[in-house]
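Trainee: Kindly return the folded structure for what I paste below:
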Amino acid sequence: MASAGKLYVREIYSRFQYLAAWLPNANLSLGDVGVHEGGRFKRMSALKDLGLPFRVRIGTNPIDFTYTSESGVTVATKIGGKVAAGTSLPLGQADISIQFSRKGAFLFQAIGCSTEEIEDKMALGQVIIRLVKEGSWEPSWAVVDTLVRADTATIVLSNSRTGAVELTAKAPVSVANLANVAVGLSVTSQTGDIIRFIAAKGLSPLFRLSKVKQSFLSKIVGGTEGITFGGADSDDEVSAEGNENPLEAVVP
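Mentor: As a prediction, the model looks like this:
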């Protein structure tokens, strides 16, 4: 069976079309270069360290991401001083209960998210194709071309078949605002093997990777010429055919 981390990455991608950082507190930066193996990005270098400058586009409208895995998670709240139906919370001891019934089940909330992305991915792809032909770019390398930074995020993932986390709050709390720092959540008890980040700041939980398309690699590795972009191929400048971007997204 796949690890909890792989299950988390796959389901997040299925929902948002973004890769999930694993671990969720992984230190990622736009322009990082590395390989994606086993659901995890392994940084090898960065575009700036390789002498490849790029421009950054930053989103102007923050958004929130909220998702609970399709099965295996039950979230219960105590409302108005009473225990909500379906929860085992003792009165006065906890405000939120997150219960898991399968490995890889999770709750994901990231609020106040801003998106950063490389401005001209087509131009970057053109440069990378040239570097592959020169032997200074490994074909397996991928680059972080889009990064989502969250003001705060709550991510709770079960690494075991069963488990539970109970939380208390200093302010009124609902299932919709578990990533809100102002709520003042703290963990009162935990059972099972659980990875948790509660209203954590400074996370970049989502990102996108691009790597050279196999169709372009086959031409380079096979020694055939003809990779052109708006003109004839030459040893000095090699890029995509027509208007095709030579990069493709990395998927789980």
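Trainee: quick one: the helices in the protein?
Mentor: 4-16, 121-134, 214-221 (DSSP state H).
Trainee: Tell me which residues of the first one come out buried.
Mentor: By 16 or more other C-beta atoms under 10 Å, the buried positions in helix 4-16 come out as 4-13. The C-beta positions use only the backbone N, C-alpha and C, and glycine is treated the same way.
Trainee: Grab the two from these that are most spread out in space.
Mentor: Within the buried residues of helix 4-16, Ala4 and Tyr13 form the most distant pair, 15.1 Å apart (C-beta to C-beta).
Trainee: how about the helices of the chain, which one is nearest Lys170?
Mentor: helix 4-16 (28.7 Å).
Trainee: just how off-centre is the closest one within its chain?
Mentor: On the basis of C-alpha atoms, centre = their mean, to the nearest Å, helix 4-16 sits 9 Å off its chain's mean C-alpha point.
Trainee: ok, and what's touching it?
Mentor: Residues outside helix 4-16 that contact it (C-beta atoms under 8 Å, 6 or more residues apart in numbering) are 2, 18-20, 22-23, 38-40, 65, 67, 69-70, 103-104, 106, 108, 157-159, 195, 206, 251-252.
Trainee: Quick check: closest non-adjacent residue to Ser160.
Mentor: Asp193 (4.0 Å; C-beta to C-beta, 6 or more residues apart in numbering).
Trainee: next one: Glu70
Mentor: Glu11 (7.2 Å).
Trainee: now do Lys213
Mentor: Nearest non-adjacent residue to Lys213 (C-beta to C-beta, 6+ apart): Glu248, at 4.6 Å.
Trainee: what sits opposite the one you found in the beta ladder?
Mentor: Lys211 (DSSP bridges).
Trainee: Of the contacts of helix 4-16, which belong to strands?
Mentor: Per DSSP state E, strands hold the following members of those: 19-20, 40, 65, 67, 106, 108, 157-158, 195, 206.
Trainee: where's the residue nearest to Lys213 relative to Ile96, distance?
Mentor: 41 Å (C-beta to C-beta, to the nearest Å).
Trainee: tell me the pLDDT at the residue nearest to Ser160?
Mentor: pLDDT for Asp193: 96.
Trainee: hang on, it packs against Val156?
Mentor: No. Between Asp193 and Val156 there is no contact under C-beta atoms under 8 Å: 12.0 Å.
Trainee: Which residue of those two possesses the greater neighbour count?
Mentor: Applying other C-beta atoms under 10 Å to Asp193 and Val156 shows that Val156 carries more neighbours, namely 26 against 15.
Trainee: Check that one and give its pLDDT.
Mentor: 98.
Trainee: avg pLDDT for stretch 49-69?
Mentor: 94.
Trainee: residue contacts, Phe197?
Mentor: 24-25, 153-156, 203.
Trainee: Recalculate using a threshold of 6 Å.
Mentor: 24, 155 (C-beta atoms under 6 Å, 6 or more residues apart in numbering).
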